[in-house]
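# Quick one: sequence plus predicted model below, questions after.
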Amino acid sequence: MAEAGRRTTSRRDLSRHDRFDDVSPEVGQLDEEAFDEFLDEDPDEALALLADLTGATDERLRELARRLAGRIIVDVAKTGVARHRGTGRLVNQRSAHIDGDVDLDASLDAIVDARSQRRPPHAEELVVRAWARPDTALCLVVDRSGSMNGARLAAAAVTAAAVAHRHGLDCSVIAFGDEAVVIKSQGEHRPTEDIVSDLLRLRGHGTTDVGLAVRTAGLQLQRSQAGRRVTILLSDCRPTTGGSPVADAGHLDELAIIAPADDTADAEALAEAVGARWVGIDGPSSAPDALALVLLG
């Protein structure tokens with residue numbers, strides 16, 4: 001992580017983004033209104049630019065971009081996840097144990113009884129209707145080799161934020177190239193913004209050992225007691241070292257692959273070999289949709 005954080009991108013290289021001069025008109029400046037307009041017009045390009053800005057050589061711009069990214073990327077992740085309620089179910093629970101909307105029909109007797117005693121009903125007497133998450137543990141494995149910048153870096157950050165938002169403690173996040181780095185361990189409490197920040201410090205580096213990545217994911221998921229344990233592999237799945245990952249992937253409880261939409265051949269082959277689900281991702285803004293889709297299986 002420290003080595004990745006030392007590599008930076010000059011303003012000259014950042015200027016390849018069409019809207020860079022609007023978003024950062026001067027050294028050390030980041031115009032959030034201009035960025036918001038860009039995000040509305042072209043979310044994928046805006047998120048790609050933001051990801052690159054978090055590695056800017058301009059120290060002040062880099063810090064401003066990281067603060068903005070922590071908020072923007074988490075918001076994008078939450079918005080996408082919220083549209084896919086099919087992965088959970090509505091349940092009734094006592095309001096003392098969960099937040100939600102009061103179910104008036106189920107709580108009617110308690111309300112009437114409280115009124116007869118001229119007191120407000122106690123929280124534990126009321127029943128709320130709320131979304132319950134399934135008993136699922138996730139391990140997100142992010143390929144940080146090769147061209148890990150711009151859109152791919154933003155997609156990794158959005159996916160990680162969506163995983164953390166959905167599963168909290170019972171998730172882990174791993175970045176891999178020729179070695180695996182655990183950014184969040186299974187069962188560890190880490191704020192989502194910190195996970196995003198660590199991912200955004202990564203830049204493309206080294207070879208790709210997919211087998212090592214899935215073995216590390218398996219070790220993380222062994223810590224979970226969940227009934228369903230899923231490894232999410234965010235990668236083109238093309239190994240350049242370590243040999244074929246098929247045997248290692250076959251030992252996982254469940255594997256789902258999210259691959260760049262323009263480079264899916266190796267992901268399809270791995271998925272077919274081990275019976276995994278896979279989906280192509282067009283850009284970072286579609287990452288929450290892609291995550292929800294592969295988890296539906």
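Now that the structure is in, tell me what you want to look at. Residues are numbered from 1 along each chain as shown.
# buried set for the one helix or strand Ala151 maps to?
Using DSSP states H and E, Ala151 sits in helix 150-167. Neighbour counts over helix 150-167 (16 or more other CB atoms under 10 Å) mark 150-167 as buried. C-beta here means a position set from N, CA and C on the backbone, and glycine is covered the same way.
# Tell me where the stretch 51-200 of the chain has strands.
The residue ranges that make up the strands of the stretch 51-200 of the chain, judged by DSSP state E, counting those that start in this stretch, are 89-94, 101-102, 127-132, 136-143, 171-176, 180-184.
# weakest of these by average pLDDT?
Set side by side, those show their lowest mean pLDDT on strand 89-94, which sits at a mean of 43.
# what bits of the stretch 1-150 of the chain have low per-residue confidence?
Applying pLDDT under 70 to the stretch 1-150 of the chain flags the ranges 1-6, 80-101, 128-134, 147.
# Can you show me the helices along it?
When secondary structure is read from DSSP state H, counting those that start in this stretch, the stretch 1-150 of the chain shows helices at 2-6, 11-14, 20-23, 32-41, 43-53, 59-82, 104-116, 150-167.
# among these, which is nearest Val214?
Each of the helices of the stretch 1-150 of the chain has some distance to Val214 by CB to CB; the shortest is helix 150-167, at 16.2 Å.
# Dump the closest one to CSV, restricted to CA.
Listed next in CSV are the C-alpha coordinates belonging to helix 150-167 (Å, rounded to 0.1, in the frame of the first residue of the first chain):
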residue,chain,number,x,y,z
GLY,A,150,-9.2,5.7,-14.0
ALA,A,151,-12.4,3.8,-14.7
ARG,A,152,-11.2,0.4,-13.4
LEU,A,153,-9.9,2.0,-10.1
ALA,A,154,-13.2,3.8,-9.7
ALA,A,155,-15.2,0.6,-10.4
ALA,A,156,-13.2,-1.2,-7.7
ALA,A,157,-13.8,1.5,-5.2
VAL,A,158,-17.6,1.6,-5.9
THR,A,159,-17.9,-2.2,-5.7
ALA,A,160,-16.0,-2.3,-2.4
ALA,A,161,-18.3,0.4,-1.0
ALA,A,162,-21.3,-1.5,-2.1
VAL,A,163,-20.0,-4.7,-0.5
ALA,A,164,-19.2,-2.9,2.8
HIS,A,165,-22.6,-1.2,2.8
ARG,A,166,-24.5,-4.4,2.2
HIS,A,167,-22.6,-6.8,4.5
